[in-house]
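# The following block contains a protein sequence and its predicted model.
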Amino acid sequence: MASLIHKADWTFNWHLQETFKKEVPENVLEVFRAEIEEQIIIRGEVKQEELVITKPQVKLKRPPFYKVLMLNDDYTPMDFVVSILKEVFHQSHEKAVDVMLQIHHQGFGICGIFTKDVAETKISIVTDCARKNEFPLRCVMEEE
């Protein structure tokens, strides 16, 4: 290993001598290595002996959640509402019937709580499906 380092030092010295056509001082490699180590320390790069632990700069916040509310109307059949709750909102049959009755009696029912993008997507799916079947069923979202 020492012979490889000595050969590299000799090659580096020869290259400097050829480049600048003058004598290179003996300690040029030590000065060069010291400058490199100093740059490594300034940049914050890790040497083998050191361990640098940094804390994350940005703390993530919990995204806001939105309730998807289905609104009552006088024309959409109860069976259609139950099927939408089961297919789009992945509710069990019993839960879908409970929500459908809540919509029927209170005028609205909570279909689920989601992030904004998911809530908008589910509302769009429900609206498209209702329009295809010629029903006026509507959903809205409300921040939790």
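Yep, it's here. It should be emphasised that the depicted structure is a prediction, and the values quoted were computed from it without experimental measurement.
# Return the helix or strand in the protein with minimum mean pLDDT.
Every helix and strand in the chain was compared by mean pLDDT, DSSP states H and E; the lowest is helix 2-20, with a mean of 48.
# ranges for the strands of this protein?
65-71, 108-115, 138-143 (DSSP state E).
# Adjacent strands (with direction) for the second one?
Its sheet considered, strand 108-115 pairs with strand 65-71 (antiparallel) by DSSP bridges.
# Send me the partner strand as PDB with only the CA atoms.
These are the backbone C-alpha positions of strand 65-71, laid out as PDB (Å, rounded to 0.1, in the frame of the first residue of the first chain):
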ATOM      1  CA  PHE A  65     -59.600  16.400   6.200                       C
ATOM      2  CA  TYR A  66     -63.000  16.900   4.600                       C
ATOM      3  CA  LYS A  67     -66.400  15.300   5.300                       C
ATOM      4  CA  VAL A  68     -68.300  14.100   2.200                       C
ATOM      5  CA  LEU A  69     -72.000  14.800   2.800                       C
ATOM      6  CA  MET A  70     -74.700  13.300   0.600                       C
ATOM      7  CA  LEU A  71     -77.800  15.500   0.300                       C
END
